[in-house]
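Student: here is a sequence together with a model predicted from it:
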Amino acid sequence: MRKNILAPSILSADFCHLEQDIAQTVDAGAQYLHIDVMDGMFVPSISFGMPVIESIRKCTDCFFDVHLMVEQPERYIERFAQCGADGITVHAEATKHLHRAIQQIHACGVKAGVALNPATPLSALDHVLEDVDMILIMTVNPGFGGQKYIPQMTEKIRTLRQRLTQMGLETDIQVDGGIKTDMVRSVLEAGANICVAGSAVFGEDITGRTKAFMEILKEYRQ
Ligand code: DX5
Ligand code: ZN
């Protein structure tokens, strides 16, 4: 049985008290921390990088799920692994050598994910499906927190889960962008099992908001 996981995105946390924000969501049950690295090239915005990840690694044992929104991510895979990443996700659109990038991630001893932008077809994964630990279906165009979920992505998740099942694979499917509590059930029902949530977790009452997500994730059995 697949495990349902909450991955709060620290992009929406308050960097003045990042340690407290992280502690609140982890203590309330979040299993992953989703860490969005943006380079100002693959996406318009720039977020943060290695020094921040190295710092927060000292304050929690939580799984670090690093989402690289970076051109030619293979340049940085080793460095992010050294900084404490437990999983590294690269975008299929950002590298000419996706298979090699996945091998590089595994060679560092961390889990490998591949992300697809909303307009990228699932066929981009055709020859790597058996090699990845997680597939990230972007449910907004990457680059910013607080955007609206793109409804057509539910069908994409469903098709991907069917394909994985046909191949006998139990690969994790992560959804990222515009995920609020009221839509967790529909993405789980479509076949996702890891929910990223930024603006819906951080801000006010991080504990209460995390618990609300965890309740739905725990009650829903795949
Ligand atoms: C968007 C990032 C997301 C973002 C999600 O490019 O990949 O992880 O933080 O934020 P929300 O949940 O607010 O849409
Ligand atoms: Zn992300």
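Tutor: Okay, I see it. Numbers count the residues shown, from 1 in each chain. Ligands and ions are numbered 1, 2, ... in the order given.
Student: so F64 is in which element?
Tutor: Using DSSP states H and E, F64 sits in strand 63-69.
Student: from ligand 1, how far off is V114?
Tutor: Taking CB to the nearest ligand atom, to the nearest Å as the criterion, V114 is separated from ligand 1 by 14 Å. For glycine as for every other residue, the C-beta is placed from the backbone atoms N, C-alpha and C.
Student: find the closest residue to ligand 2 in this structure.
Tutor: Ranking the residues of the chain by distance to ligand 2 (CB to the ion) places H67 first, at 3.8 Å.
Student: residues contacting that residue?
Tutor: Residues touching H67, when contacts are defined by CB atoms under 8 Å, 6 or more residues apart in numbering, comprise H34, I35, D36, V37, T89, G113, A115, L136, D176, V196.
Student: 10 Å instead?
Tutor: Contacts here follow CB atoms under 10 Å, 6 or more residues apart in numbering; on that basis H67 touches 7, 9, 11, 34-38, 47, 87-91, 113, 115, 136, 138, 142, 174, 176, 196.
Student: could you do G198 as well?
Tutor: Residues touching G198, when contacts are defined by CB under 10 Å, 6+ apart, comprise 7-13, 34, 36, 144-147, 176-179.
Student: hmm, 8 Å instead?
Tutor: When contacts are counted by CB under 8 Å, 6+ apart, G198 touches P8, S9, I10, L11, S12, H34, D36, G145, G146.
Student: what about the first one, which helix or strand?
Tutor: According to DSSP H and E, P8 maps onto strand 5-8.
Student: downstream of that strand, the next helix or strand is which one?
Tutor: Using DSSP H and E, the helix or strand that follows strand 5-8 in sequence is helix 18-27.
Student: the helix or strand immediately after that next one in the chain vs helix 18-27, what angle?
Tutor: Once helix 18-27 ends, the next helix or strand along the chain (criterion: DSSP H and E) is strand 32-38. The directions of strand 32-38 and helix 18-27 differ by 140 degrees, with axes from the mean of the first three to the mean of the last three CA atoms, to 10 degrees as the criterion.
Student: helices or strands next to strand 32-38 in the packing?
Tutor: In terms of contact count using 3 or more CB pairs under 8 Å, 6 or more residues apart in numbering; DSSP states H and E, strand 32-38 is assigned the packing partners strand 5-8, helix 18-27, strand 63-69.
Student: contacting residues around that strand?
Tutor: 5-11, 22, 25-26, 45-49, 53, 56, 60, 62-70, 80, 85, 87, 142-143, 176, 194, 196, 198.
Student: show me the shaky parts of the protein.
Tutor: For the chain, the stretches with pLDDT under 70 are 222.
Student: residue numbers of it in contact with ligand 2?
Tutor: Neighbours of ligand 2 within the chain, by CB under 5 Å from the ion: D36, H67, D176.
Student: ok, which stretches of the chain are strands?
Tutor: Remark: strands of the chain, listed N- to C-terminal, are 5-8, 32-38, 63-69, 87-91, 111-116, 134-138, 172-176, 194-197; assignment by DSSP state E.
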